[in-house]
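A.B. asks: Sequence plus the predicted model coming up.
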Amino acid sequence: MKKATRSEEITMSGQSDRNWYPCLFKSISDGRGSLTALEQGEDIPFEIKRIYYIFGVPRDVRRGLHAHKRLSQMMIVMSGSCTILVDDGETREEFRLDEPTSALFIGPCVWREMYDFSANCVLVVIANEHYIEEDYIRNYDAFLEYRVRDAKGTGVRID
């Protein structure tokens, strides 16, 4: 399982061979506490159209269990911790988010599952589109089929 660290920091230019990457945001700290500022186009690599947050998830519950055809997201744990599994049909990786300066960018055509939520976890999700039910792929086999058949032309890299 991976965790974003300073040595693994990847720039917002998306320098990754996958359609996901961990991020570390800069934080300013002093005796008064810490502050992290996020800016569209700088820290968030897309126009922000929707923000929602997930909280109060029982420890044994999995969330997500879907992919998006076109949507991109940035996931940030504001409090607590959770694990995020990402899968493009060929490669699976797990990331542990446990501090408010680390995040995970997930682009289109990536299956995601969030689990192992701590009792105090608040997971903030920033998205580049409004909620569109037709963008969701909620069945893993359908996701694999879509990835091969339909993802070409969406800007998603298909090997």
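C.D. replies: Sure, I can see it.

A.B. asks: Now the phi/psi pair for the closest residue to Cys23 other than its chain neighbours, please.
C.D. replies: Among residues not flanking Cys23 along the chain, Ala103 sits closest, at 4.5 Å (CB to CB, 6 or more residues apart in numbering). Yep, even glycine has a C-beta here, placed from its N, CA and C like the rest. In terms of degrees, to the nearest 10, the main-chain angles of Ala103 are phi -150, psi 170.

A.B. asks: repeat for Ile51
C.D. replies: According to degrees, to the nearest 10, Ile51 has phi -130, psi 130.

A.B. asks: Please identify which helix or strand holds the closest residue to it other than its chain neighbours.
C.D. replies: Spatial nearest neighbour of Ile51, excluding adjacent residues (CB to CB, 6+ apart): Ile126 at 5.3 Å. Using DSSP states H and E, Ile126 sits within strand 122-127.

A.B. asks: how about the chain, which residue sits the furthest from its center?
C.D. replies: Going by CA atoms, centre = their mean, the residue of the chain most distant from its centre is Gly31, 31.1 Å out.

A.B. asks: Could you give me the buried positions within stretch 48-62?
C.D. replies: Judged by neighbour count using 16 or more other CB atoms under 10 Å, the buried positions of stretch 48-62 are Ile54, Val57.

A.B. asks: My reading is that Phe143 is in a helix; is that accurate?
C.D. replies: Yes. Under DSSP: H, G, I helix; E, B strand; the rest coil, Phe143 sits within a helix.
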